[in-house]
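1. sequence and computational prediction follow.
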2 protein chains.
Amino acid sequence: MSTMKEVAMKAGVSKATVSRLLSGKGYVSEATKAAVYQAIEEAGYRPNLLARNLATNKSQCIGLVATNTLYNGSYFNELLSQAAKKLEANGRQLILVDGKHSAEEEQQAIQFLLDLRCDAVIVYPRFLTVDAMDSIISQHKQPIMVVNRKLRSHQSHGIFCDHKGSSFQATRHLLAQGHRDIAFITGSLDSPTAIERLSGYKAALEAQGLPIREELVIKGKWTPASGAAAVESLLAANTPFSAILASNDDMAIGAMKALHAAKLSVPEDVSLIGFDNIPTAPFLQPALSSVKDPVSGMVNEVINRLISMLDGGYLSQNNAFSSELILRDSVAPGPYFGQ
Amino acid sequence: MSTMKEVAMKAGVSKATVSRLLSGKGYVSEATKAAVYQAIEEAGYRPNLLARNLATNKSQCIGLVATNTLYNGSYFNELLSQAAKKLEANGRQLILVDGKHSAEEEQQAIQFLLDLRCDAVIVYPRFLTVDAMDSIISQHKQPIMVVNRKLRSHQSHGIFCDHKGSSFQATRHLLAQGHRDIAFITGSLDSPTAIERLSGYKAALEAQGLPIREELVIKGKWTPASGAAAVESLLAANTPFSAILASNDDMAIGAMKALHAAKLSVPEDVSLIGFDNIPTAPFLQPALSSVKDPVSGMVNEVINRLISMLDGGYLSQNNAFSSELILRDSVAPGPYFGQ
DNA sequence: TTGTACGCGTTATCAA
DNA sequence: TTGATAACGCGTACAA
């Protein structure tokens, strides 16, 4: 790879002149301009961004950290594509790096992006705790935004949605339909989101004065197969249920399959609601009801706020977003096992 | 952020000593070791990778370019997560940047990663033609690998799978079942993959001596909604069909929904096959038959080859991968409209 | 075992 | 309008 120095020699000028021409700052005569451009052509010169970023402390790009285990979840899909589009509209590059499988590695990934002189970093954490994030944020000058977490000391850096609240709403809807035996399939319980969704379910039952029956709460792992397994175990245990709330749509799809295999139909025999509202949800058969997370809204907000911080401008202050309960065929309008 | 210089001062040694300790090259006494480590702790020091890469001319990271319009396709999901995992196992970082919406921008993204001095770049092209890719590859010293394209002059840099062949197989399977009126829903026809899948369908019909009936070929856009619309238009035109081959699973899901709305059931009335074999395919109801692309295999191969190029070692030469036809409930075992 | 000094490829501040 | 020269943060001969 040829360097600026070589170009300068070829054109018979100094490095400084080449730099000035390329950056557009400062004066360069027409004659030398032509000579330099020609030298650049001949040498096939490309500026080294590492060196440039090191010297300027800027990069015009925004980093995103996320763990590769999340790369195929629908939530992440939308997050990524929204972020890329939004930043594209703003003339910046999004660069994604892998947070891998531990808090340590997640932190290294953040550090890597910061080292690259990214103007800002967005983190979709999987292992780092809220406290760790808070501490990292205070150690760095560059803005660090956190998606899907409620931070303690840097509230304006965290965007979250009330998973507990939306789970509460969904459960309450089923209760209002007359359901009393509502099964709940959890996500992986090492994830805060899974825990919040579970607690929303429990809170809704308690608010209604109903007991929490542990036999109706089945552990899942976010996958369709684990959703199917959950239903199979309910059936094997002979636990009666008239509705299922699955912690994501993939598990709801698995659950549907297992119900079908057992000659139970949705929604005639069992009502079903998932979370995330994946793009195919409305097209499934029966169409899947789902709690739609406001991912687009949150990502938009994160990026708007970042841009405000970087370029200056108005800083909005909406940290908490709420989900939307989208009802489709899989929840029927009336009570079934109404007592 | 604290620098190595500060750490050195704190520990009362020179930068060089700190550097030697961190890189593990050269001798450092136990006493100073302890002092330096403590200084590192106190300062919260982390080495700046940018500066390190600049000094060593290495980066231990591999770039990936893909267009954000693809970020939510299941094919890309698997590509991304496979690549990240494989590179993680190899001790390197994957960094993804957006190819945006034109050949021009796609090329800029490649250039950006090269300018960042990534050790290699993997491209999942959407707009750049094969010839353009070939030319870019020959202009650069760093290895550039291309996924899902058959290159002309740099064969060993391109990995592809025979979309036409697998579409041919799927069509032939339906023909063998006795189907004669097979509808085909295309993907967006500006994508080579969509065109290859269509041509495989046509070739299979021709091989059987059957005419290609344009009224059975409906244009889709990869989305569930467009799949549903395709079926609706077939029904509206009163075109008889006993099977559908949809160019991806999302459109097949949309098609299923439209069939259901028209009181046609899969597979009793209509056989259905999609492409991509998304994770939920086996759990749908009825379970969706699909042509599974060998994404994992291809990504593995790309990365193995890159590593060989970078680190030296044996270079395998398997460029062409073939898909697998996975049959589930949505294709029934016998002829339906058999004449 | 440690420190000095220079290089990596830029940008930026001065003089000239 | 141009050219030295000093950063930026780190690696690394070479000398001490």
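-> Yes, it's here.

2. going by C-alpha atoms from here, please, whenever you check contacts or count neighbours.
-> OK.

3. host element of residue A:178?
-> Assigned by DSSP states H and E, residue A:178 falls within no helix or strand.

4. and the one 5 residues further on, by the same measure?
-> Under the assignment given by DSSP H and E, the secondary-structure element containing residue A:183 is strand A:182-185.

5. helices or strands up against the helix or strand of chain A with the lowest mean pLDDT?
-> The helix or strand of chain A with the poorest confidence is strand A:320-321; it has a mean of 78 (mean pLDDT, DSSP states H and E). Judged by 3 or more C-alpha pairs under 8 Å, 6 or more residues apart in numbering or on different chains; DSSP states H and E, the packing partners of strand A:320-321 are strand A:158-161.

6. pLDDT weak spots in chain A?
-> A:71-72, A:313-319, A:333-339 (pLDDT under 70).

7. 50 - rerun?
-> Within chain A, the stretches with pLDDT under 50 are A:337-339.

8. roughly how far does the closest residue to residue A:280 other than its chain neighbours sit from residue A:294?
-> Leaving aside its sequence neighbours, residue A:280 sits nearest to residue B:224 (C-alpha to C-alpha, 6 or more residues apart in numbering or on different chains; 6.5 Å). As judged by C-alpha to C-alpha, to the nearest Å, residue B:224 and residue A:294 stand 21 Å apart.

9. which residue does the stretch 101-250 of chain A have closest to DNA strand D?
-> The stretch 101-250 of chain A approaches DNA strand D most closely through residue A:115 (8.3 Å), counting by C-alpha to the nearest atom of the strand.

10. now that residue: phi and psi?
-> Note on residue A:115: its backbone torsions stand at phi -60, psi -40 [degrees, to the nearest 10].

11. quick one on the thing from earlier: residue B:224 and residue A:294: which is more packed in?
-> residue B:224 (26 against 18; other C-alpha atoms under 10 Å in any protein chain shown).

12. so residue A:231 sits right up against residue A:260, yeah?
-> No: the criterion here is C-alpha atoms under 8 Å, and residue A:231 misses it with residue A:260 at 10.5 Å.

13. between these two, who's got more neighbours?
-> Between residue A:231 and residue A:260, counted using other C-alpha under 10 Å, residue A:231 has the larger neighbour count: 25 against 15.

14. for that one, which three-state class applies?
-> Following DSSP: H, G, I helix; E, B strand; the rest coil, we place residue A:231 in the helix state.

15. excluding covalently adjacent residues, which one is nearest to it?
-> Nearest to residue A:231 is residue A:255, by C-alpha to C-alpha, 6+ apart, at 5.8 Å.

16. before we move on, which element is residue A:111 in?
-> Element membership for residue A:111 (DSSP H and E) is helix A:103-115.

17. check whether that helix contacts chain B.
-> Yes: Helix A:103-115 is in contact with chain B by C-alpha under 8 Å from any C-alpha of the partner chain, via A:111-112, A:115.

18. residue A:96 versus residue A:76, what's the distance?
-> With distances taken as C-alpha to C-alpha, residue A:76 is found 12 Å from residue A:96.

19. the two: which is more packed in?
-> Neighbour count, other C-alpha under 10 Å: between residue A:76 and residue A:96, residue A:96 has more, with 25 against 19.

20. now do the SS call for that one.
-> Reduced to three states by three-state DSSP, residue A:96 is strand.

21. need the strands for chain A, in chain order.
-> A:61-66, A:93-98, A:120-124, A:144-147, A:158-161, A:182-185, A:217-218, A:243-246, A:271-275, A:289-292, A:320-321, A:324-326 (DSSP state E).

22. so what touches the last one?
-> Applying C-alpha atoms under 8 Å, 6 or more residues apart in numbering or on different chains, the contact partners of strand A:324-326 are A:166, A:169-170, A:277, A:289-294.

23. what about residue A:129, distance to DNA strand C?
-> Note on residue A:129: its distance to DNA strand C, by C-alpha to the nearest atom of the strand, to the nearest Å, is 35 Å.

24. number of nearby residues for that residue?
-> Other residues close to residue A:129 by other C-alpha under 10 Å number 14.

25. next, give phi and psi for it.
-> When read as degrees, to the nearest 10, the backbone of residue A:129 gives phi -80, psi 170.

26. please list all residues in contact with it.
-> Residue A:129 neighbours (C-alpha under 8 Å, 6+ apart): none.

27. at 10 Å what do you get?
-> Going by C-alpha atoms under 10 Å, 6 or more residues apart in numbering or on different chains, residue A:129 touches A:103, A:135, A:149, A:151, A:192.

28. repeat that for residue A:287.
-> With contact set as C-alpha under 10 Å, 6+ apart, residue A:287 has these partners: A:266-267, A:272, A:280-281, A:327-331, B:257.

29. ok, 7 Å please
-> A:281, A:328-330 (C-alpha atoms under 7 Å, 6 or more residues apart in numbering or on different chains).

30. likewise residue A:49?
-> B:115-116.

31. who in chain A is up against DNA strand C?
-> A:1-5, A:15-16, A:18-20, A:22-23, A:25, A:45-49, A:51-52, A:54-56 (C-alpha under 7 Å from any atom of the strand).
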